[in-house]
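K.L.:
this is the structure alone, sequence omitted:
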């Protein structure tokens with residue numbers, strides 16, 4: 001990477017893309033090729049190739065994706081699989097055809113088997129069945145990783161893949177139906193505090209364990225790896241520590257200032273029992289996460305609580 005490279009951040013208005021763009025600008029990069037979903041449909045091959053022909057980016061961060069939590073993934077299974085396959089395939093092929101120097105695909109920890117050994121190592125990919133509720137999204141992301149590897153092997157393209165753990169940040173999706181667990185909990189406890197509700201209900205037993213990485217840390221890791229990681233396959237990006245969903249709910253409850261009870265809806269699934277990433281490979285390269293979970297959640301809540309109050313958390 002050099003400061004005169006033209007950089008395309010695909011998905012620059014999403015949570016990850018926004019953080020990436022901010023980080024890159026903070027590091028002195030100033031030439032960007034940007035288009036949101038109203039200007040460019042990445043599922044359309046012709047539109048995608050025309051964009052690359054016109055803009056001629058040197059570097060690509062492929063952060064565009066259709067994303068959501070358990071409910072969204074399980075409800076819109078065909079859309080999650082089709083949309084993500086098309087986005088990845090169109091961008092990767094356009095990057096090859098138009099001479100992109102380096103491309104980074106951002107995947108998801110859903111690629112790992114449901115019962116993968118913990119912590120999950122890069123070598124655990126495709127060693128067992130996936131979590132069924134996330135299977136369409138996971139299959140699309142696995143295909144993206146394999147596509148990058150295939151283009152590297154056949155065409156010599158410098159295409160790499162990184163796999164972030166569960167992410168959170170101020171530009172997250174707080175929608176009541178389509179959010180991930182952490183923004184969903186922030187919204188629930190905030191609304192319960194405002195309404196004076198006696199309790200907040202969380203899905204499942206709360207015993208399932210998850211790892212959470214602030215999106216600003218991910219953006220920093222991506223810039224670091226774009227300059228230092230050159231291998232086929234992929235590299236995990238996480239913090240190397242996890243927390244139970246019940247403990248997370250209790251932490252969010254304390255941060256928000258809610259004083260009611262936490263109840264469990266045992267008819268809802270827990271999902272994968274544990275998801276902790278092995279980040280030894282990343283640490284060996286010299287990068288570690290800097291933002292603690294409580295510090296990160298407090299910052300996110302302070303930045304979004306006014307918006308959650310005015311719109312009820314029903315949008316981004």
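P.N.:
Ah, there it is. Keep in mind that this is a model prediction, so the values were computed, not measured. Numbering: from 1, shown residues only.

K.L.:
and the helix or strand of the chain with the lowest mean pLDDT, which residues are buried?
P.N.:
Least confident helix or strand of the chain, by mean pLDDT, DSSP states H and E, is helix 70-75 with a mean of 74. Buried residues in helix 70-75, counted by 16 or more other CB atoms under 10 Å: 70, 71, 72, 73, 74. Placement of C-beta: from N, CA and C, glycine included.

K.L.:
could you list the low-pLDDT ranges of the stretch 151-300 of the chain?
P.N.:
Scanning the stretch 151-300 of the chain for pLDDT under 70 picks out 178.

K.L.:
I'd guessed residue 43 sits against residue 86; true?
P.N.:
Yes - with contact defined as CB atoms under 8 Å, residue 43 and residue 86 form a contacting pair (4.1 Å).

K.L.:
overlap in contacts of these two?
P.N.:
Common contact partners of residue 43 and residue 86 (CB atoms under 8 Å, 6 or more residues apart in numbering): none.

K.L.:
so how far is the least confident helix or strand of the chain from its chain's centroid?
P.N.:
Remark: helix 70-75 is offset 16 Å from the chain centroid, using CA atoms, centre = their mean, to the nearest Å.

K.L.:
ditto for stretch 74-87
P.N.:
Going by CA atoms, centre = their mean, where stretch 74-87 is centred and where its chain is centred differ by 16 Å.

K.L.:
which positions within the strand or helix carrying residue 135 qualify as buried?
P.N.:
Element membership for residue 135, per DSSP states H and E: helix 135-155. By 16+ other CB under 10 Å, the buried positions in helix 135-155 come out as 135-145, 147-149, 151-152.

K.L.:
with stretch 293-307 instead?
P.N.:
Using 16+ other CB under 10 Å as the burial criterion, the residues of stretch 293-307 that qualify are 293, 296, 297, 300, 301, 304, 305.

K.L.:
can you list contacts of it?
P.N.:
Counting by CB under 8 Å, 6+ apart, 168-170, 172, 174, 182-183, 186, 190, 212, 214, 239, 243, 251-252, 255-256 sit against stretch 293-307.

K.L.:
please redo it, this time with the cut-off set to 7 Å
P.N.:
Stretch 293-307 is contacted from outside by 168-170, 174, 186, 190, 212, 214, 243, 251-252, 255-256, using CB atoms under 7 Å, 6 or more residues apart in numbering.

K.L.:
just stretch 50-59 next, same as before
P.N.:
1, 5-8, 33, 35, 40, 94-95, 98, 100-102, 226.

K.L.:
out of these, which are buried?
P.N.:
Here, 16+ other CB under 10 Å leaves 5-8, 33, 35, 40, 94-95, 98, 100, 102, 226 buried among the contacts of stretch 50-59.

K.L.:
which of those residues fall in strands?
P.N.:
Judged by DSSP state E, those include 6, 7, 8, 33, 102 as members of strands.

K.L.:
who's in contact with the last one?
P.N.:
For residue 102, the contact set (CB under 7 Å, 6+ apart) comprises 59, 158, 226.

K.L.:
equivalent analysis for residue 19, please.
P.N.:
By CB under 7 Å, 6+ apart, residue 19 lies in contact with 169, 215, 216, 218, 219.

K.L.:
report the buried residues of the helix or strand the last one falls within.
P.N.:
In other words, residue 219. Using DSSP H and E, residue 219 sits within helix 215-228. For helix 215-228, burial by neighbour count (16+ other CB under 10 Å) applies to 215, 216, 217, 218, 219, 220, 221, 222, 223, 225, 226.

K.L.:
swap in stretch 264-273?
P.N.:
Buried residues in stretch 264-273 (16+ other CB under 10 Å): 264, 269, 271, 272.

K.L.:
who's in contact with residue 190?
P.N.:
Applying CB under 7 Å, 6+ apart, the residues near residue 190 are 256, 305, 308.

K.L.:
look up phi and psi at it.
P.N.:
phi -60, psi -50 (degrees, to the nearest 10).

K.L.:
look up how far residue 54 lies from residue 33.
P.N.:
According to CB to CB, to the nearest Å, residue 33 stands 9 Å off from residue 54.
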